[in-house]
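Novice: Okay, predicted coordinates and the sequence, questions at the end:
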Amino acid sequence: MGAYNLALGALLLLSVAWASTAKSVVCFYNSKGFHREGQAKFQINDFDAALPSCTHLIYGYAGIEADTFKITSLDSNLDLPAGNDNYRTITKLKSRFPALKILLSVGGGADSDRSKYLTLLESAEARTSFVNSAFSFLRVYGFDGLDLAWEFPETKPKKIHGTLGSVWKGIKKVFGSTKIDENEEAHREQFADLVRLTKAAFKPDKLMLTLSVIPNVNNSVYFDVRKIIPEVDQVHLLAYDYYTPERNPKEADYPAPIYELIDRKPDANVNAAVRYWLDHGAPATKIIVGIPTFARTFKMTSDSVVSGVPPLTIDGPGEAGAYTKEEGLLSYAEVCTKINSPVSTKGPAAKLRKIGDPTKRYGAYAFRLPDDNDEHGVWAGYEDPDVAKEKSTYVKHNGLGGVAVCDLTLDDFKGLCTGAKYPILSAARSALG
Ligand SMILES: *[C@@H]1O[C@H](CO)[C@@H](O)[C@H](O)[C@H]1NC(C)=O
């Protein structure tokens, strides 16, 4: 009897522990996917295979009106009732997935004029206008909350001249504390105030408030963790795109390593971003790690090392994908298809040679050497299901709150590559345990 009660007690304790460690799987939906063509066009029924795995769905991205500082749709033909009514169509998905929280994200790099996001912070009137408009916007369209993916200025990309190793240290010495934003201290305080104000407005209706730290925004400049973390439900660290062909047109490197690499910027990795928030008092359970579902691609030339080992010399973006049609970008479905190509010769249809991530620390890469005319070379830094698993394992080991898959429309949502739908999302989710 005693043993039975003990066992029962242990079971009870176990289930309590289980409940309290439930991880978030945040699924970003970038509505840009609606406008892609053919196999890449993301439609409402494409959510069906994903949403059972998601705890949150984040609709990206709304913007800000430049003159009034009110929140606004950046794609009214798609989002609003006069057009496709996509906001309501999506928030209605809650009738089929009642536990799902659906949030609207503002900014995220989709709003073209970044300076607006600083101007808004500078005036109390503008901050109030934004908060009031956001509150009614969420209510009108049925969202459960707001995600602030604030468009702070980007850090400067790493410059290269000469040998790689000492260069970064050299730059730091020469430029010292050259600031990209003269009023960064004020903006940091004003942003904390905006967060506090938003939370206060949302509280009576229990609307959620989350933050997304978008790629290449310096965490330590703009986020006063101690002030803002009590006000938000969670923070999504979109710790990727440290290397992109746009920022780094001459050199390719791992776009989203988990850990620091030798002779790289010490803060350009997932662990550094996570440490920053933990070290400044964020509870681990509020930290969500972003996992990209796409490859950043660069053009390999005869000047690139034939081993493909990064960092390596490249010449701008890789060629556009068949479906996504954007230079320097391949969806996971596209990169996976290229790796599995049966064509082994050189040329535009030849397979990419997969290196994967044997270190389990830095992410996967795959490449194709240029042909004899120096064409069709590609170097792709990406995340496959194995890397997604590594990131989820990192989240688990550090007791963090969960993962954010960025985004559903670039995962293999149709199962084109191996037949399995959403391979990145599935791997990330199942590794959370
Ligand atoms: C971020 O800002 C800190 C100072 O607040 C600075 O030491 C660091 O180098 C910056 N990081 C980048 C990538 O610019």
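Specialist: That came in fine, so what should we check first? Numbers count the residues shown, from 1 in each chain.
Novice: so F191, which of the three states?
Specialist: helix (DSSP: H, G, I helix; E, B strand; the rest coil).
Novice: what's the distance between T293 and the ligand?
Specialist: Using Cβ to the nearest ligand atom, to the nearest Å, one gets 24 Å for the distance from T293 to the ligand. Using the backbone N, CA and C atoms, a C-beta is placed for each residue, glycine as well.
Novice: Now for that residue: which residues touch it?
Specialist: Shown in contact with T293 (Cβ atoms under 8 Å, 6 or more residues apart in numbering): S331, Y332, E383, V405, C406, D407, L408, L410, D411, I424, L425.
Novice: my guess is the third one meets Y365, correct?
Specialist: No. In terms of Cβ atoms under 8 Å, E383 does not count as a neighbour of Y365; the distance is 10.3 Å.
Novice: Low-confidence ranges, the chain, go.
Specialist: Within the chain, the stretches with pLDDT under 70 are 1-21, 160-178.
Novice: and with 80 instead?
Specialist: 1-21, 158-179, 345-346 (pLDDT under 80).
Novice: Give me the more crowded residue out of E383 and Y365.
Specialist: E383 (29 against 25; other Cβ atoms under 10 Å).
Novice: nearest residue to the more buried one other than its sequence neighbours?
Specialist: Closest residue to E383 apart from its sequence neighbours, by Cβ to Cβ, 6 or more residues apart in numbering: P292 at 5.6 Å.
Novice: On the strand side of things, show who the one you found bridges to.
Specialist: C406 (DSSP bridges).
Novice: burial count for A124?
Specialist: Using other Cβ under 10 Å as the criterion, the residues surrounding A124 number 12.
Novice: Show the contacting residues for it.
Specialist: No contacts exist for A124 under Cβ under 8 Å, 6+ apart.
Novice: of all of the stretch 301-433 of the chain, which residue lies closest to the ligand?
Specialist: The ligand sits closest to P311 of the stretch 301-433 of the chain, with a gap of 16.2 Å, by Cβ to the nearest ligand atom.
Novice: Near E260, how many other residues are there?
Specialist: A count of nearby residues for E260, using other Cβ under 10 Å, gives 17.
Novice: Sorry, slip of the keys, the one I care about is G38.
Specialist: Neighbour tally, G38, other Cβ under 10 Å: 8.
Novice: The ligand versus that one, what's the distance?
Specialist: From G38 across to the ligand, the span is 38 Å (Cβ to the nearest ligand atom).
Novice: OK, contacts around that residue?
Specialist: Y323.
Novice: excluding its backbone neighbours, what's nearest the residue positioned nearest the centre of the chain?
Specialist: Closest to where the C-alpha atoms of the chain average out (Cα atoms, centre = their mean) is L238, at 3.9 Å. Distance criterion Cβ to Cβ, 6+ apart; nearest residue to L238, sequence neighbours excluded, is G290 at 4.0 Å.
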